[in-house]
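Asker: Structure here, sequence nowhere to be found:
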């Protein structure tokens, strides 16, 4: 009797529990659905363009807006240039802008305080600009013109390190070298220090002895203030001998002079051999703050001695660098189209224009643009330079080195055949005649050719001309023999 009564009660109890569980599950699903819907709505709302009034009254907010607008303006300008561009083409252009923006933010915002300077490695797998070389590492740090700094270098496996202080042209604002020096280390983990100063000094400290940079065995020849570099002074000798010079002591000191408009130091590390590549360890320390900077800090913070450059100043520098770089790269590519498939200088390019691209006194630069139909080749010919290092690099019109389908973007001088003091390199997507040196465009029909002669002994400029690569072996062999 008891068992017959308890069974219905048990069933009722279980039914009630299941009903409550179902209600809880339903409530959870409703809350989750509402939360998802609200989250989706909020996410869409987050990326919608706000009214510009949000930035009014704040210099920092306006600069953030300027940076955002600069990216959008650049993307719009690129699409307006070619409204029918493919998604793949646009994606490549936007990859370039994204990498350039990342470099601009790191270089000028995150590490852009000349009172607390840090080095930025410009190039990486995802960012290339301003004519990078696959054989070099580029590092920069901001400086103030009337400050004082010390750069400490512990060398890696680089064969050559060049240091250039850049100033702004007072008329056009473009970059030019204010002072420079260089190091040819004889071993890894060699330690060097370079002092950057705007202070005037007597003749003894203004002249640098070669043994400061190259070691005691280099002698005591003096280098006058403002000289391009110790190595460039001696580059009219047998440059190949520099690699064999003994640095001497494991701690060397040099001095670079800061001009009234100096704003940046760049370190270029060149690797003459392919592997391994161990970057140098670079640090920069501010030794003295200018009176102008101290006054500015007190005005901004009300507290003397607090090291900080305002965000709006750093962000403005990032905006300027971003816009000048992409616009300058396009302007140069457009100008070079006037002399396509030759290395003639376009009439519309001023010699000062190269200041946008941070030129170095250590290099002689040559090159131009190419435009190739299927089966065409641009044949580059020149006299093998007496140089510490030289290379020929393919770039796209964004001045990025291109490596298509795993093919190298560059040939070093050591990889190019010396033909009785001359060289010849074919640039094409079709293999050249047997025995010829070749840079494969990987199917790219247009681009740039950049040639660097490092510490060259005034080598004549190379030339380029268009050739046709025929499918028949006899024709191609004849074309090669005619060159």
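Answerer: Sure thing, it's come through. Predicted, not measured: the structure shown is a model, and the values here were computed from it. Numbering: from 1, shown residues only.
Asker: Sketch out the low-pLDDT regions of the stretch 151-300 of the chain for me.
Answerer: Counting by pLDDT under 70, the low-confidence segments of the stretch 151-300 of the chain come to 200-251, 274, 289-300.
Asker: switch to 90 and redo it
Answerer: When the per-residue scores of the stretch 151-300 of the chain are filtered using pLDDT under 90, the ranges that remain are 169-174, 186-187, 199-253, 273-277, 288-300.
Asker: so where do the helices sit in it?
Answerer: 203-206, 210-214, 230-233, 291-301 (DSSP state H, counting those that start in this stretch).
Asker: show me the contacts for the nearest residue to residue 390 once chain neighbours are set aside.
Answerer: In space, not counting the residues next to it along the chain, residue 390 is nearest to residue 413; the distance is 4.1 Å by CB to CB, 6 or more residues apart in numbering. Where C-beta positions appear, they are placed from N, C-alpha and C, glycine not excepted. Applying CB atoms under 8 Å, 6 or more residues apart in numbering, we find residue 413 in contact with 384, 385, 387, 389, 390, 391, 423.
Asker: Using CSV, please lay out those residues together with secondary structure.
Answerer: Supplementary listing: the contacts of residue 413 in CSV, determined by DSSP: H, G, I helix; E, B strand; the rest coil:
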residue, secondary structure
384, coil
385, coil
387, coil
389, strand
390, strand
391, strand
423, strand
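Asker: which pair in the residues you listed spans the largest distance?
Answerer: In terms of CB to CB, the contacts of residue 413 reach their longest pairwise distance at 389 and 423, which sit 14.3 Å apart.
Asker: which one of those two has more residues nearby?
Answerer: Neighbours of residue 389 and residue 423, each counted by other CB atoms under 10 Å, are more numerous for residue 389; the result is 26 against 20.
Asker: From residue 190, how far out is the nearest residue to residue 185 once chain neighbours are set aside?
Answerer: Closest residue in space to residue 185, ignoring its immediate chain neighbours: residue 155 at 4.3 Å, by CB to CB, 6+ apart. Applying CB to CB, to the nearest Å, one obtains 5 Å for the distance of residue 155 from residue 190.
Asker: more crowded one of those two?
Answerer: Looking at residue 155 and residue 190 with other CB under 10 Å, you find the greater number of neighbours at residue 155, namely 24 against 19.
Asker: Next one: the more buried one from residue 189, what distance?
Answerer: Counting by CB to CB, the gap from residue 155 to residue 189 is 7 Å.
Asker: same check, this time on residue 269
Answerer: With distances defined as CB to CB, the gap from residue 269 to residue 189 amounts to 14 Å.
Asker: now do residue 195
Answerer: Here the distance between residue 195 and residue 189 works out to 21 Å (CB to CB).
Asker: Which one's more surrounded, those two?
Answerer: Counted by other CB under 10 Å, residue 195 and residue 189 do not tie: residue 195 has more neighbours, with 16 against 12.
Asker: what's the burial count for the closest residue to the more buried one other than its chain neighbours?
Answerer: Leaving aside its sequence neighbours, residue 195 sits nearest to residue 255 (CB to CB, 6+ apart; 4.7 Å). Counted by other CB under 10 Å, the residues lying close to residue 255 total 19.
Asker: what's the answer for the one 10 residues further on, then?
Answerer: Burial of residue 265 is recorded as 27 neighbouring residues (other CB under 10 Å).
Asker: if I read this right, it contacts residue 140, doesn't it?
Answerer: Yes. Counting by CB atoms under 8 Å, residue 265 sits close enough to residue 140 to count as a contact (6.8 Å).
Asker: who's in contact with residue 80?
Answerer: Under the contact definition (CB under 8 Å, 6+ apart), no residues are listed for residue 80.
Asker: again with the one 5 residues further on
Answerer: Taking CB under 8 Å, 6+ apart as the criterion, residue 85 is in contact with 78, 79, 93.
Asker: taking those one by one, which sit in helices?
Answerer: 78, 79, 93 (DSSP state H).
Asker: Surely residue 61 is in a helix?
Answerer: Yes. With three-state DSSP as the criterion, residue 61 is assigned to a helix.
Asker: what's the closest non-adjacent residue to it?
Answerer: The shortest distance from residue 61 to any residue other than its chain neighbours is 4.0 Å, reached at residue 55 (CB to CB, 6+ apart).
Asker: pLDDT score assigned to the one you found?
Answerer: Confidence at residue 55, expressed as pLDDT, is 88.
Asker: can you check residue 104 too?
Answerer: The confidence metric pLDDT takes the value 97 at residue 104.
Asker: and the host helix or strand of it, how far from the chain's centre?
Answerer: Secondary structure assignment for residue 104, by DSSP states H and E: helix 87-104. For helix 87-104, the distance from its own C-alpha centre to the chain's C-alpha centre is 14 Å (CA atoms, centre = their mean, to the nearest Å).
Asker: buried ones in that helix?
Answerer: 93, 96, 97, 99, 100, 101, 103, 104 (16 or more other CB atoms under 10 Å).
Asker: Let me see the contact set for the residue nearest to the fourth one when sequence neighbours are not counted.
Answerer: Translated: residue 99. Closest residue to residue 99 apart from its sequence neighbours, by CB to CB, 6+ apart: residue 127 at 3.1 Å. By CB under 8 Å, 6+ apart, the residues touching residue 127 are 99, 100, 102, 103.
Asker: Now those residues in TSV, please, with extra columns for distance to residue 84.
Answerer: Output for these, formatted as TSV (distance: CB to CB, whole Å):
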residue	distance to residue 84
99	25
100	24
102	29
103	30
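Asker: between those residues, which is nearest residue 440?
Answerer: When the contacts of residue 127 are compared against residue 440 (criterion: CB to CB), the nearest one is residue 99, at 23.5 Å.
Asker: Now that the closest one has come up, it's in contact with residue 126, right?
Answerer: Yes. Using CB under 8 Å, residue 99 is in contact with residue 126, at 5.4 Å.
Asker: right, and residue 108 touches residue 318 too?
Answerer: Yes. Using CB under 8 Å, residue 108 is in contact with residue 318, at 3.8 Å.
Asker: picking up where we left off before, quick one: the residue nearest to residue 195 from residue 410, how far?
Answerer: Plainly put, residue 255 is 34 Å away from residue 410 if you go by CB to CB.
Asker: repeat for residue 55
Answerer: 44 Å.
Asker: Compare the two (neighbour count), which wins?
Answerer: More crowded of residue 55 and residue 410, by other CB under 10 Å: residue 410, with 20 against 17.
Asker: so who does residue 117 touch?
Answerer: Counting by CB under 8 Å, 6+ apart, residue 117 makes contact with 111, 141, 142, 143, 149, 284, 286.
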